[in-house]
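Trainee: here is my input; please provide its structure:
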Amino acid sequence: MNTSYHIRQNDSSRSQILDKRSRELRRTIVRMLQKSGRGHIGAALSLVEILRVLYDDVLNYDPRNPKLIDRDRCILSKGHGCMALYAVLEDKGYFPESELWKFCKIDGLLGGHPEIKVPGVEASTGSLGHGMGIGIGIALNAKYHKSKYRVFVVIGDGESNEGSVWEAAMCASKHSLENFTVIVDYNKYQSYGCTSEVLELEPLADKWKSFGFDVLEVDGHDVNQLKSAFSSRGNRPRSVICHTVKGCGIEFIENNLQWHHKNKVSDEELNALFEALKD
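Mentor: Numbers count the residues shown, from 1 in each chain. Prediction:
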């Protein structure tokens, strides 16, 4: 199963097409960077629409009862993108806003990778390649108990170099886990280069198909395409390949590996980040 997608790969700037909500979430992420002085901002910004749509329109959950038995599970396997997840979870009421401004601080709840001590976080991740296996186990449990909840796992394209991702994919296919969806944040870059140079993934859609998945390809910053893809159902596990832009929404950091991770940010840079996200 495929859908068409439209994303400008050469004209990288996408800031002019972001709506108010997408800009607000990005401003929250930049403010977290401002307060902490560090973070994987590029990886977070490519995730914003993916997580926004999941929590706004797709997942069944209750922030007042984070352990609701029949809740849908969302695992951010590419845990270094957690600033986007934290921004969304706070927006939904899982924890106080004040925790955002203590990101990576010793007295704060939120670390540089997700941990299950954080309300709304389903798995401690960041050691890449582990989230798929955890999600498969949860989806198998749901199927065994005839529970109706679904499992969504968000992985990175660089993370897809890990053999454990494909081992988990074989397991999902073997057990016909129709309640399982893997979402690939395909921004074409990883920590030390573009994916095509580090370890080519193409033909990525064909790889997932060969592992027994229904496959959809979408623009990972198009809210309507994401809603449609994430809401689709079938009788096999699904892979949604989201074509995204690393650092999306701030032109001077888009596809710029110097912004993969920052541990020092100047006032001038922060002012430029906020200026780029003005309404």
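Trainee: mind listing the strands in the stretch 101-250 of the chain by residue range?
Mentor: 151-156, 180-186, 189-190, 193-194, 214-219, 238-243 (DSSP state E, counting those that start in this stretch).
Trainee: let me have those strands in JSON lines, extended by mean neighbour count and distance to residue 29.
Mentor: In this view, the C-beta of every residue, glycine as well, is placed from N, C-alpha and C. Compiled in JSON lines, these are given as follows (neighbours: other CB atoms under 10 Å; distance: least, CB to CB, whole Å):
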{"stretch": "strand 151-156", "mean neighbour count": "27", "distance to residue 29": "16"}
{"stretch": "strand 180-186", "mean neighbour count": "28", "distance to residue 29": "15"}
{"stretch": "strand 189-190", "mean neighbour count": "25", "distance to residue 29": "18"}
{"stretch": "strand 193-194", "mean neighbour count": "14", "distance to residue 29": "23"}
{"stretch": "strand 214-219", "mean neighbour count": "23", "distance to residue 29": "20"}
{"stretch": "strand 238-243", "mean neighbour count": "26", "distance to residue 29": "18"}
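Trainee: quick one: which of those is nearest residue 145?
Mentor: strand 151-156 (13.1 Å; CB to CB).
Trainee: reformat the strands of the stretch 101-250 of the chain as CSV; add distance to residue 62 and mean pLDDT.
Mentor: Below are these laid out as CSV (distance: least, CB to CB, whole Å; pLDDT from 0 to 100):
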stretch, distance to residue 62, mean pLDDT
strand 151-156, 17, 98
strand 180-186, 20, 98
strand 189-190, 35, 94
strand 193-194, 40, 92
strand 214-219, 28, 97
strand 238-243, 24, 98
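Trainee: distance to residue 108 for those - can I get that in CSV?
Mentor: Listed next are these as CSV, based on distance: least, CB to CB, whole Å:
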stretch, distance to residue 108
strand 151-156, 23
strand 180-186, 25
strand 189-190, 27
strand 193-194, 32
strand 214-219, 34
strand 238-243, 29
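Trainee: out of those, which is closest to residue 42?
Mentor: Residue 42 sits nearest to strand 189-190 of all these, at 7.6 Å, using CB to CB.
Trainee: show me how far that closest one is from its chain's centre.
Mentor: 14 Å (CA atoms, centre = their mean, to the nearest Å).
Trainee: how about the spatially most central residue of the chain: what's its closest non-neighbour residue?
Mentor: Nearest residue to the geometric centre of the chain (CA atoms, centre = their mean): residue 47, 4.4 Å. Computed as CB to CB, 6 or more residues apart in numbering, the closest residue to residue 47 that is not its neighbour in sequence is residue 84, at 4.2 Å.
Trainee: which residues does the biggest helix by length in the chain contact?
Mentor: For the chain, the helix with the greatest residue count under DSSP state H is helix 20-36. Residues outside helix 20-36 that contact it (CB atoms under 8 Å, 6 or more residues apart in numbering) are 18, 39, 41, 44-45, 48-49, 52, 83-84, 86-88, 90-91, 100-105, 221, 223, 249-250, 262, 265, 270, 273-274, 277, 279.
Trainee: and those residues, which of them are buried?
Mentor: Among those, those classed as buried by 16 or more other CB atoms under 10 Å are 18, 39, 41, 44-45, 48-49, 52, 83-84, 86-88, 90-91, 100-104, 221, 223, 249-250, 262, 265, 273, 277.
Trainee: circling back to that earlier point, the residue nearest to residue 47: which element?
Mentor: Residue 84 is located in helix 82-92, with elements delineated by DSSP states H and E.
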